[in-house]
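In: From the sequence below, what's the structure:
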Amino acid sequence: MTSGAAGTTRAASGGVLVTLAAAQFLMTLDSSVMNVSIATVAEDVGTTVTGIQTAITLYTLVMATLMITGGKIGEILGRKRAFAIGCGIYGVGSLTTALAQNLTWLLIGWSFLEGIGAALIMPAIVALVASNFARAERPKAYGLVAAAGAIAVAAGPLIGGLMTTYASWRWVFAGEVIIVSVIVLMARGMNDRPADREARLDLVGTGLSALGLGLLVFGILRGGEWGFVLPKEPDERSWIGLSPVVWLVLAGGLVLRAFLTWERRRHDSGMPALIDPTLLRVPQLRSGLTSFSLQYLLQAGIFFTVPLYLSVALGLSAISTGLRIMPLSITLLLGAVGIPRFFPDASPRRVVRLGFLALLAGLVSLIASLDVGVGPEVVTWPLLLAGLGVGALASQLGAVTVSAVGDEHSAEVGGLQNTVTNLGASIGTALAGAVLISALSTSFFSGIEGNQDVPEQVTSQAQVELSGGIPFLSDKALEDELDQAGVDPATAAAIVDENSEARIDALRTSLSLLGLLALLALFAAGSLPTRQPGAEPEAVPSEERS
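Out: Just a heads-up that it's a prediction; the model follows:
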């Protein structure tokens, strides 16, 4: 190949990578922007904070329930065409959201249209990387695409804070319409595997997978509000003495079991199936998907607790909070790009384990550093370590999961991969939040019971009124609440001090759980390969696996 031809090929590959990374960035940006703009959005569209939280929950649900189906549609239509259609739907959803004047149109535009678009786009991204890059180049490509998504989570609060403060949240969605239009134009030059003309959409499997995943994810997302096992409000939400979350998760699991049984029967009888069940028997793929879910669980937990600490406990603005999180983005990008470039032959298993160790080190250092009175700089080094860990994981897991099977299954793997990452992120946010509120309540009640400056009557009243959980409040917000309640200054000061201590205890407890999961994640990498995908022989054909 001449130097000119090589340069043209590199430029084309670079354009493809920028296109796919930009798409991944957009898919992840919305939720993180919306999370810091909830109050403003609610006021603009004439609804409540609960209404906006419902929209956020539905967006996650639509994506999670349709990811597997989106991967299959990519196989039927062609990944490139599915990607373009998804971008079109997503763009219409973004425009609808930018112009929404009430909650109904916000739900239609953001929760449903953008959610459907994302379910088509994200599995296609995984498959298009496989069809546009050789195996040896995929770790870097998948690393950059995954890094783009993680950076969007970190940059979202900053972008949302800037737009909400100096312009309007609507400009974020209006800007997405322009960006997605550019992405569609740039995507025209991408390579794609031929569509499977014989593939058909399994409607029963689609319904079962959507229902099962919907029940499972919805139950997990409601865990913080309803309680994971025992109901927080027994008189309001209690099914046979247990939280509805237990029954929703159990029902979701049973439906998913029925889905896999249905798919196996269709596959064994030679009928079109939504996924090939034999894929889940491949140890490397199972290990990769498990590691992916744990990565996103830990990532979501960190992005829940750290901004909460910065914005509530330390009182930073959305912009300042976003700036303080940026160190994570820097080392994340360095890890995702630098590891494949400077250590191209590194063992994926070793890199993934080192990534989880870096995450563990970041969590432990943050737990040790947290204390009442410390400043926001306390999160810098822990986030640098955590970012390096996430970057290391991003540099390997995408290539490892897709290379576990033949490229003809890349769309199916993309659907599975995005399903487990959505599930992991939902669990991470819900689990971190539930443990934090539970620990906050335990520590706070214990503190005021043992504080002589807090009358017993006040303690008893607090335990009755706050039996469902203590809200995570700043000192200023709590002082205002106590002042409105007519609590005398000495008692109020003692309660505020106990709340400050309880907040730190709760954060340490929530982060400790994440640290334990990071430690357990080391064992999930046991079936990952020790050689890079480019150095491995081609994947074993499906018929030999079964």
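In: Could you use CA atoms for every contact and neighbour count after this?
Out: Will do.
In: per-residue confidence averaged over the strand or helix carrying residue 28?
Out: Secondary-structure element containing residue 28, defined by DSSP states H and E: helix 3-36. Taken as a whole, helix 3-36 has a mean pLDDT of 72.
In: pull the longest helix from this structure.
Out: Scanning the chain for the longest helix, with DSSP state H as the assignment, gives helix 410-449.
In: ok now that one, how far from the chain's centre?
Out: 10 Å (C-alpha atoms, centre = their mean, to the nearest Å).
In: can you check stretch 490-503 too?
Out: Shown here is stretch 490-503, whose average C-alpha point lies 34 Å from the average C-alpha point of the whole chain (C-alpha atoms, centre = their mean).
In: what about the closest residue in space to residue 62 that isn't next to it in sequence, helix or strand, and which?
Out: Take residue 62 and drop its neighbours on the chain: the residue closest to it by C-alpha to C-alpha, 6 or more residues apart in numbering is residue 115, 5.3 Å away. Taking DSSP H and E as the criterion, residue 115 maps to helix 115-132.
In: Now the element after that helix, going C-ward?
Out: Going down the chain from helix 115-132, the next helix or strand is helix 138-166, by DSSP H and E.
In: low-confidence ranges in the stretch 401-546 of the chain?
Out: 463-469, 534-546 (pLDDT under 70).
In: Show me the helices in it, by range?
Out: Secondary structure of the stretch 401-546 of the chain (DSSP state H, counting those that start in this stretch): helices at 410-449, 456-465, 475-484, 489-524, 542-545.
In: Need those helices in JSON lines (columns: mean neighbour count and distance to residue 225).
Out: Rendered in JSON lines, the data for the helices of the stretch 401-546 of the chain read as follows (neighbours: other C-alpha atoms under 10 Å; distance: least, C-alpha to C-alpha, whole Å):
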{"stretch": "helix 410-449", "mean neighbour count": "24", "distance to residue 225": "8"}
{"stretch": "helix 456-465", "mean neighbour count": "13", "distance to residue 225": "16"}
{"stretch": "helix 475-484", "mean neighbour count": "15", "distance to residue 225": "20"}
{"stretch": "helix 489-524", "mean neighbour count": "20", "distance to residue 225": "16"}
{"stretch": "helix 542-545", "mean neighbour count": "10", "distance to residue 225": "44"}
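In: Which stretch among these approaches residue 356 most closely?
Out: helix 489-524 (5.8 Å; C-alpha to C-alpha).
In: Quick one: work out the angle between the closest one and helix 456-465.
Out: With axes from the mean of the first three to the mean of the last three C-alpha atoms, to 10 degrees defining the directions, helix 489-524 sits at 40 degrees from helix 456-465.
In: The residue nearest to residue 62 against residue 57, yeah?
Out: No. In this structure, residue 115 is not within contact of residue 57 by C-alpha atoms under 8 Å, at 10.8 Å.
In: With distance to residue 214 added, can I get the helices of the stretch 401-546 of the chain in CSV?
Out: Formatted as CSV, the entries for the helices of the stretch 401-546 of the chain read as follows, by distance: least, C-alpha to C-alpha, whole Å:
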stretch, distance to residue 214
helix 410-449, 10
helix 456-465, 33
helix 475-484, 36
helix 489-524, 24
helix 542-545, 29
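In: Okay, and residue 225 sits in which element?
Out: Residue 225 belongs to helix 223-226 when elements are defined using DSSP H and E.
In: Tell me the gap between that helix and the middle of its chain.
Out: Using C-alpha atoms, centre = their mean, the distance from the centre of helix 223-226 to the centre of the chain it belongs to is 18 Å.
In: Only C-alpha atoms, please: export that helix in CSV.
Out: As requested, C-alpha coordinates have been extracted for helix 223-226 and formatted as CSV (Å, rounded to 0.1, in the frame of the first residue of the first chain):
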residue,chain,number,x,y,z
GLY,A,223,-35.7,0.7,45.1
GLY,A,224,-34.5,4.0,46.6
GLU,A,225,-38.0,5.3,47.0
TRP,A,226,-39.9,2.2,47.9
